[in-house]
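K.L.:
Provided below are the primary sequence and the corresponding predicted coordinates.
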Amino acid sequence: MNELIWIFISALLVNNFTLSMFLGLCPFLGVSAQLQTAFRLGLANIFVMVITALASYALNTWVLIHAPYLRLISFIIVIASAVQFVEMAIKKLSPELFKALGIFLPLITTNCAILGLALFSTNKGYGFLEGLIYAIGAGLGVTLALVLLAGVREETRILQIPRLVRGAALNLIIAGIISLAFMGFAGLFG
Amino acid sequence: MSTEKSRVAAEFIKGLWKENPVFVALLGMCPALAVTNSAINGLAMGLATTFVLVCSSILVSLLRKVIPKQVRITTYIVIIATFVTVIDFVLEAFLPDIHKELGAFIALIVVNCLILGRQEAFASKNNIGMSIIDAAGMSAGFTFALVSIGIIREVLGNGSIFAVDLFGKSFEPWIIMILPPGGFFSLGFLLLFFNWMTERNKQKRSKTA
């Protein structure tokens, strides 16, 4: 049980996917202009991550034992079809949510946090339950980072900032400061 | 002939500076920050990406009339994943140290949006020669960006460059630069520098005109 809590906290805070492993930076910088969209994208991320974790566990157990060199190709195909499937399901079940997520849903396919999750949990040799907890922790961590950056960015809009600094440069420096704050978690459970 | 030559040069150079994938287009930032805690790692990542980008551009350009439009993205991803698997195993066999250092980020070249972006925007519409030039220019720009971030972070954070000690023992390394926040800060300030250069060039041009 302790082990599981440690995996969760580690993925959520200590080794935060976005802020200390640099995974999924494109949506992190691209979709963090508004708090609400950022939060929704985070939720979609958690969803796809959990599905990917389950699928990669199944692949690892039954297929890749026989053909390890197919790992990358099979993971990416599974992720692409999972995203496609989720997209169709959401479209059918809740058209409102589908509208709200818009283009971000299909773009999750090329989010390196998802493939990274599958690869890392394979490298660490996580079992079914561990992989699931790891996925939920990592997904929440990505959401947390997105929401934090979006919150700060909404505030900067009303500040007077030199034109030269506005845009990506400012966002990266803000991200750096948030990441600095997350370094404080490094000693946790050390 | 000379116009043909100048077009080739222009396609190559645009990737280095004017359309630099990292500094201008902000593509492929995950590897640009994750592995650049030293100049050598940045160089290795840049070269691995170069290999994947050039090879997949060749293949996509060759097959551009065969691939059905509806499944093109999936096809590109499978082609890219194949070459990434190749470079992953090659590095593991010949340069195990570097492979260990870069870890999962070699495998993550698959989802580098720079590569997929070039297939969609260029290789699927142009002949092999031009595609190779474009891919080479873009990856040269990517490698250039990675190495410059790597150099900044290594010099400040470790007091060395390409693992050669610069300042001697009295130097107190600025450790934060090789840790994750340093990556964000370095790229942020490099972007600032790029913005400033572009702005200054613009002003100069408007003065002379």
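P.N.:
Right, received. Where do you want to start?

K.L.:
now check the helix or strand bottoming out on mean pLDDT in chain A, is it near chain B?
P.N.:
Lowest mean confidence among the helices and strands of chain A (mean pLDDT, DSSP states H and E): helix A:104-107, at a mean of 72. No: judged by CB under 8 Å from any CB of the partner chain, helix A:104-107 makes no contact with chain B; its nearest approach is 9.3 Å. Any C-beta I mention is one placed from the backbone N, CA and C, and that applies to glycine too.

K.L.:
Using PDB, write down the CA coordinates of the next helix or strand after that helix.
P.N.:
The helix or strand immediately downstream of helix A:104-107 is helix A:112-123, counting by DSSP states H and E. Output of helix A:112-123 as PDB, limited to C-alpha atoms (Å, rounded to 0.1, in the frame of the first residue of the first chain):
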ATOM      1  CA  CYS A 112       4.700  13.100 -25.400                       C
ATOM      2  CA  ALA A 113       3.500  12.800 -21.900                       C
ATOM      3  CA  ILE A 114       1.200   9.900 -23.000                       C
ATOM      4  CA  LEU A 115       3.800   7.900 -24.800                       C
ATOM      5  CA  GLY A 116       6.300   8.800 -22.000                       C
ATOM      6  CA  LEU A 117       3.900   7.400 -19.500                       C
ATOM      7  CA  ALA A 118       3.700   4.100 -21.400                       C
ATOM      8  CA  LEU A 119       7.500   3.900 -21.800                       C
ATOM      9  CA  PHE A 120       8.300   4.800 -18.200                       C
ATOM     10  CA  SER A 121       5.900   2.500 -16.600                       C
ATOM     11  CA  THR A 122       7.300  -0.300 -18.800                       C
ATOM     12  CA  ASN A 123      10.900   0.600 -17.900                       C
END
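
K.L.:
Would you indicate which residues of helix A:112-123 are buried?
P.N.:
A:Cys112, A:Ala113, A:Ile114, A:Leu115, A:Gly116, A:Leu117, A:Ala118, A:Leu119, A:Phe120, A:Ser121, A:Thr122 (16 or more other CB atoms under 10 Å in any protein chain shown).

K.L.:
One more: stretch A:178-190?
P.N.:
So for stretch A:178-190, counting by 16+ other CB under 10 Å, buried means A:Ile178, A:Ser179, A:Leu180, A:Phe182, A:Phe185.

K.L.:
Return the list of helices and strands in contact with the least confident helix or strand of chain A.
P.N.:
Applying 3 or more CB pairs under 8 Å, 6 or more residues apart in numbering or on different chains; DSSP states H and E, we find helix A:104-107 packed against helix A:35-62, helix A:71-93.

K.L.:
State which helix of chain B is the longest.
P.N.:
Counting residues, the longest helix found in chain B (DSSP state H) is helix B:128-158.

K.L.:
So which bits of chain A are right by chain B?
P.N.:
Proximity of chain A to chain B, by CB under 8 Å from any CB, involves residues A:19-26, A:29, A:69, A:71-73, A:76-77, A:80, A:110-112, A:114-116, A:119-120, A:123, A:164-165, A:167-173, A:175-177, A:179-180, A:183.

K.L.:
re earlier: what lies in contact with the least confident helix or strand of chain A?
P.N.:
When contacts are defined by CB atoms under 8 Å, 6 or more residues apart in numbering or on different chains, helix A:104-107 is touched by residues A:Pro27, A:Val31, A:Thr37, A:Arg40, A:Leu41, A:Ala44, A:Val83, A:Gln84, A:Val86, A:Glu87, A:Ile90, A:Phe98.

K.L.:
who wins for neighbours among those?
P.N.:
When neighbours are counted by other CB atoms under 10 Å in any protein chain shown, A:Leu41 leads the contacts of helix A:104-107 with 28 neighbours.

K.L.:
Reduced to three states, what does B:Lys125 come out as?
P.N.:
Three-state assignment for B:Lys125 (DSSP: H, G, I helix; E, B strand; the rest coil): coil.

K.L.:
For the residue lying closest to it once chain neighbours are set aside, grab phi and psi.
P.N.:
Leaving aside its chain neighbours, B:Lys125 sits nearest to B:Arg64 (7.2 Å; criterion: CB to CB, 6 or more residues apart in numbering or on different chains). Per-residue torsions, B:Arg64: phi -60, psi -20 (degrees, to the nearest 10).

K.L.:
Give me the contacts around stretch B:73-87.
P.N.:
Contact with stretch B:73-87 is made by A:69, A:71-73, A:76-77, A:80, B:48, B:51-52, B:55-56, B:59-60, B:63, B:67, B:106-107, B:109-110, B:115-116, B:119-120, B:124, as judged by CB under 8 Å, 6+ apart.

K.L.:
Recalculate using a threshold of 7 Å.
P.N.:
If you take CB atoms under 7 Å, 6 or more residues apart in numbering or on different chains as the criterion, stretch B:73-87 is touched by A:69, A:72-73, A:76, A:80, B:48, B:51-52, B:55-56, B:59-60, B:67, B:106-107, B:109-110, B:115-116, B:119.

K.L.:
Kindly report the same for stretch B:135-146.
P.N.:
By CB under 7 Å, 6+ apart, stretch B:135-146 touches B:11-16, B:20-23, B:28, B:32, B:36, B:42-43, B:45-47, B:49-50, B:53-54, B:57, B:114, B:118.

K.L.:
again, 6 Å this time
P.N.:
B:12, B:15-16, B:20-23, B:32, B:36, B:42, B:45-46, B:49-50, B:53-54, B:57, B:118 (CB atoms under 6 Å, 6 or more residues apart in numbering or on different chains).
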